[in-house]
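*Asks:* coords please:
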Amino acid sequence: MHYPMLDVEGIQMDTIRLLAVDPKITMDDLNTMNEKEVGQKIYEAARAYYKRKNTLIAETTLEGLKNIREKHAKVERVEIGFTDGTRRVRVVVDLDRAIANNGAEVVKELEKSVMLGMIDDNWKDHLREMDELRTSVQNAVFEQKDPLVVYKFEAYELFQQVLKKVNEEVISLIFKSGLEVAQHARQEEKRDDFSKMKTKHDEVKKATASPTRRPDQRGPAGVSANRSNQEERPLSRRERRAQEKSKGKRR
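*Replies:* All right, here's what the predicted structure looks like:
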């Protein structure tokens with residue numbers, strides 16, 4: 001789709017989105033290569049990345065599997081979690097077999113679990129669409145068309161769509177999935193950093209909080225204290241005379 005338009009950016013973005021792989025395609029490649037050669041270059045880059053990824057998964061899980069075997073002699077099967085950041089896959093592997101083939105069994109079971117899970121989910125949706133098609137195809141009679149012919153044509157198109165969707169989702173999830181333990185560890189680090197930031201924020205907030213008001217400061221407490229001092233202060237001579245004159249006038 002992108003090759004006829006010489007859309008280098010579109011090819012790179014789609015490859016990264018689906019496979020998490022940078023194909024390193026340039027405009028010179030599109031000008032000098034045909035569509036098949038460009039596809040072969042993307043395939044080789046994706047294959048090399050997938051091989052490195054599987055080797056890393058096998059090495060990482062092998063160490064953990066050996067530790068489990070040393071501590072738990074009676075354990076036969078182990079569940080390992082994978083995720084691509086949005087979806088989660090649970091893989092159950094035979095412990096002794098996985099150790100015997102140096103962790104390759106984990107990758108094999110991951111591919112199998114992803115493929116079966118995607119087929120199951122998408123096939124349910126496909127059957128639902130086929131039921132809707134069986135109901136709606138009856139309206140073809142009003143268009144003077146054979147409902148059976150329309151049904152066969154539409155059913156074939158739906159099957160091709162679900163097949164393409166399954167292939168894309170299976171490949172994408174397998175390529176982008178990583179061990180859930182590593183993902184969880186990164187989330188814990190982020191959570192620890194946030195808690196530290198929150199603690200520092202609380203300390204700064206306490207340090208910058210306003211101190212308790214003293215009676216001689218302005219404010220409600222200060223006002224009440226000043227009033228009490230004014231009431232206890234003795235009257236001056238001028239004030240006593242003015243008070244006596246006001247009493248005489250009242251008499």
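
*Asks:* give me the neighbour count for Thr60.
*Replies:* The tally of other residues near Thr60 (other CB atoms under 10 Å) stands at 16. (C-beta placed from N, C-alpha, C; glycine too.)

*Asks:* got it, and Thr61?
*Replies:* Burial of Thr61, expressed as a neighbour count using other CB under 10 Å, amounts to 25.

*Asks:* Glu59 too?
*Replies:* Going by other CB under 10 Å, the residues that sit close to Glu59 add up to 11.

*Asks:* do I have it right that Pro23 meets Met13?
*Replies:* No. Taking contacts as CB atoms under 8 Å, Pro23 lies outside contact range of Met13: 10.2 Å.

*Asks:* what about those two, which has more around it?
*Replies:* Counted by other CB under 10 Å, Pro23 and Met13 do not tie: Pro23 has more neighbours, with 22 against 12.

*Asks:* could you check the pLDDT of that one?
*Replies:* Pro23 is assigned a pLDDT of 85 by the prediction.

*Asks:* wait, what's in contact with it?
*Replies:* Pro23 makes contact with Ile11, Gln12, Thr15, Lys41, Ile42, Ala45, Ala46 under the criterion CB atoms under 8 Å, 6 or more residues apart in numbering.

*Asks:* in which helix or strand would I find it?
*Replies:* Pro23 is part of no helix or strand when elements are defined by DSSP states H and E.

*Asks:* over to Glu79?
*Replies:* Secondary structure assignment for Glu79, by DSSP H and E: strand 77-83.

*Asks:* that older thread, quick one: which of the contacts of Pro23 is nearest Leu62?
*Replies:* When these are compared for distance to Leu62, the smallest value, 24.3 Å, is given by Ala46; criterion: CB to CB.

*Asks:* quick revisit: mind giving me the packing neighbours of the strand holding Glu79?
*Replies:* Judged by 3 or more CB pairs under 8 Å, 6 or more residues apart in numbering; DSSP states H and E, strand 77-83 is in contact with helix 35-71, strand 88-94, helix 95-100, strand 178-179, helix 180-207.

*Asks:* what's the first one packed up against?
*Replies:* Contact partners of helix 35-71 among helices and strands, from 3+ CB pairs under 8 Å, 6+ apart: helix 8-19, helix 27-32, strand 77-83, helix 95-100, helix 104-136, helix 147-176, strand 178-179.

*Asks:* ok, which of these comes nearest Glu239?
*Replies:* Counting by CB to CB, and looking across all of the helices and strands packed on helix 35-71, nearest comes strand 77-83 at 85.7 Å.

*Asks:* so for that closest one, what gets flagged as buried?
*Replies:* Counting neighbours by 16 or more other CB atoms under 10 Å, one finds that the buried residues in strand 77-83 are Val78, Ile80, Phe82, Thr83.

*Asks:* switch those over to CSV; also include distance to Glu132.
*Replies:* Rendered in CSV, the data for the buried residues of strand 77-83 read as follows (distance: CB to CB, whole Å):
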residue, distance to Glu132
Val78, 42
Ile80, 38
Phe82, 34
Thr83, 33
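
*Asks:* closest one of these to Leu173?
*Replies:* After measuring these against Leu173 - CB to CB - the closest member comes out as Phe82, at 8.7 Å.

*Asks:* show me what contacts that closest one?
*Replies:* Contacts for Phe82 (CB under 8 Å, 6+ apart) come out as Arg88, Val89, Arg90, Val91, Leu110, Ser177, Gly178, Leu179, Glu180.
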